[in-house]
Structure formats: structure tokens, C-alpha cells
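>>> sequence-free structure coming up:
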């Protein structure tokens, strides 16, 4: 089972977005039969089987074991991944192209880069899994609070200079056995926590009595 699988096929994406099938995928992180799933999700076994066949057809669940129970064979299924992402490839004709944007400060360019990363990493992970190899990847994730917009702009400029210096130092386009790597550096505001609907502007809970 993969930690994360990236869905590229539009039909598989459509199948995964059904709320019942999403619930089934979540439950099948642990292998189970249709009978066991029916109890967990509160649906008839026949209906669960219908959804399982659709998920299995698109490679989102797989058979891990068959057990004989009297005159019947019980199929034990498991999700092919713990989590799923839908690749922009599933919407190939309308997916964003990073080449359409020229501004390093464009939020849409950042979004297009993120989409391309999902698409490329999905293909790389699938290829590495098939070849039983590990991927050489690296990421940094953190938060920084700027006092002013001017500080943020200065930080972005210095970061760009530092990254360019490192690329100039280590990049060798003529290396006979060199392997190209994608480098993306991103900076964006952190999402604010969602407001609790039970809280008033003063911070006190609403009295619904």
C-alpha cells in the first residue's frame, strides 16, 4: 500500500469523489470484506459490493486475500493507498500551464507550479514503486512572520539571490551521468483558522436557549 496515490485517470477521479466510495476507501486502509464494510458504513452488502467493483475497476482497491466460508468465497480487499490526490492530469485540457505566467509574484503561477508538482510527483512515485526504487527528494516546510511588507519583499529578494548562487555552484548541465532535478521555492500567507460559528465577536459562546 502506498502512503499517497495520485489519481490521473478522469474516470477514476470521478469514482473516487462519490461520498460513499470516499468513505469506503477510508475504511479500507485496513483490509475488510464487503460484509464487514456493510456494517461499518451502514449499507446493504449488495450496495457495498457495487461500489467496491467500481473502485476495484479503477485500481483504487485491490484483492489481498480470498477466504473459504462454507460454500462461499469471501474476498478481502484493501485500498491501494492510505491517501489520494487527484492530479491536474485528470483535467488535462484545462489544467494550468506554469509557462503562461511570467511574474514570480503571481499567486496563479504558484498554484500552477503546485499542480505541476502533484502531476510529476505522482508519475515519479508510481514509476519508483514499479521499479522498487527510492526517489531522491527534499523539502523544507516552515513559517516566518514578517513585521512589514517591505521585510517580506527583502526576504524574497535575498532568498532568490541565495538560491541562484547555490544553483550556479552545483548545476552541471554537461555532466554525462547527471540527473536533472526540479527546484521550486514557494512563499505564501498562512491560512487563518476558521471561525467557530458558536463564538460571538466578543469571544463568548452564543446562548441558543
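Thanks, I have the structure now. This structure is a prediction, so every number in the text was calculated from the model and none was measured.
>>> give me phi/psi at the residue nearest to residue 26 when sequence neighbours are not counted?
Among residues not flanking residue 26 along the chain, residue 79 sits closest, at 8.0 Å (CB to CB, 6 or more residues apart in numbering). To be clear about C-beta, it is placed using only N, CA and C from the backbone, and glycine gets the same treatment. Dihedral pair for residue 79: phi -60, psi 150, per degrees, to the nearest 10.
>>> I figured residue 79 hits residue 28, correct?
Yes - using CB atoms under 8 Å, residue 79 is in contact with residue 28, at 4.0 Å.
>>> Which residues are in contact with each of these two?
Residues touching both residue 79 and residue 28 (CB atoms under 8 Å, 6 or more residues apart in numbering) are residue 61.
>>> Give me the helices and strands touching the lengthiest helix in the chain, please.
Determined from DSSP state H, the single longest helix within the chain is helix 107-131. In this structure, helix 107-131 makes packing contacts with strand 2-7, judged by 3 or more CB pairs under 8 Å, 6 or more residues apart in numbering; DSSP states H and E.
>>> contacting residues around the helix or strand that comes right after the strand it packs on?
Using DSSP states H and E, the helix or strand that follows strand 2-7 in sequence is helix 10-16. The contact list for helix 10-16 (CB under 8 Å, 6+ apart) reads 7, 21-22, 25, 54-55, 57-60, 84, 86, 90-91.
>>> Pretty sure residue 63 sits in a helix.
No - using DSSP: H, G, I helix; E, B strand; the rest coil, the secondary structure at residue 63 is strand, not a helix.
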